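Novice: Generate a structure from the sequence data that follows.
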Amino acid sequence: MALGPTEQKFVLHWGEMGTRWGVNRTVAQIHALLFLANRPLTAEDIAEALSVARSNVSNSLKELQSWNLIRVTHLMGDRRDHFVALQDVWEIFRVIVEERKRREIDPTLTVLRECAIEGDTDSALEPASLARMNEVLTFLDMLGTTYDDYKHLPPATLQRFLKMGGKVARFLGPDDKDAS
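Specialist: Numbers count the residues shown, from 1 in each chain. Reported below is the predicted structural model:
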């Protein structure tokens, strides 16, 4: 399976961006390839298209499946697994944010909550340090709550919300003194 120059550019760039987001380059490239594909691809198709080892493809596919960004499908008369990616960019965004929250934010919130409880009785912890820990807890808790409020909104509503951009801030006014 040969990629055209524009597809190559997209796949290579997606791999580069993946590394900046903490994702393995090959994982990101496979995701990009499957996103662009107009048919389900086998692991062999992917290895050939990207010129990467079959074992690397296999591990990368497992990673993408664990993120719920791709799924296995089967074709009549072919016993091999074929892979397809989510095609809706809003759904991809939702899944990535949900997984990052589950893997990164939720465990951090758990530890911060423990620190807040333990910090109240830890005589070695300075009050200013505890206050900063609690600020991080409040901030991440607010982000999580906001995400939970928005995650079930239809994409059209989210689009309208995002297009409003700075208009919301102007509507709310310039007073940023209220930290609550």
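Novice: contacts, neighbours, all on C-alpha from now
Specialist: Will do.
Novice: Give the residue farthest from the middle of the protein.
Specialist: Ser123 (38.9 Å; C-alpha atoms, centre = their mean).
Novice: Now do the phi/psi pair for that residue.
Specialist: Dihedral pair for Ser123: phi -70, psi -20, per degrees, to the nearest 10.
Novice: and the gap between it and Ser129?
Specialist: 12 Å (C-alpha to C-alpha, to the nearest Å).
Novice: Work out the sheet partners of the longest strand seen in the chain and label each with its direction, please.
Specialist: Counting residues, the longest strand in the chain under DSSP state E turns out to be strand 78-85. Partners of strand 78-85 in the sheet, by DSSP bridges, are strand 41-42 (antiparallel), strand 70-75 (antiparallel).
Novice: The first one: how far from the chain's middle?
Specialist: Pointing back at strand 41-42 there. Chain-centre distance of strand 41-42: 23 Å, with C-alpha atoms, centre = their mean, to the nearest Å.
Novice: which residues are in contact with it?
Specialist: Here strand 41-42 makes contact (C-alpha atoms under 8 Å, 6 or more residues apart in numbering) with 34, 80-84.
Novice: Going by neighbour count, list what's buried in the longest helix along the chain.
Specialist: For the chain, the helix that runs over the most residues, judged by DSSP state H, is helix 127-150. Neighbour-count burial for helix 127-150, counted by 16 or more other C-alpha atoms under 10 Å, picks out 130, 133-134, 137-138, 140-141, 144.
Novice: and the nearest residue in space to Thr73 that is not next to it in sequence, what is it in contact with?
Specialist: Once flanking residues are discounted, Thr73 sits nearest to His82: 5.2 Å by C-alpha to C-alpha, 6 or more residues apart in numbering. For His82, the contacting residues are 40-43, 72-75, by C-alpha under 8 Å, 6+ apart.
Novice: Can you name the residues bridging to His82?
Specialist: Beta-bridge partners of His82, as defined by DSSP bridges: Thr42, Thr73.
Novice: that older thread, now the element after the longest helix of the chain, going C-ward?
Specialist: helix 155-164 (DSSP states H and E).
Novice: Please work out how many residues are found near Phe35.
Specialist: 21 (other C-alpha atoms under 10 Å).
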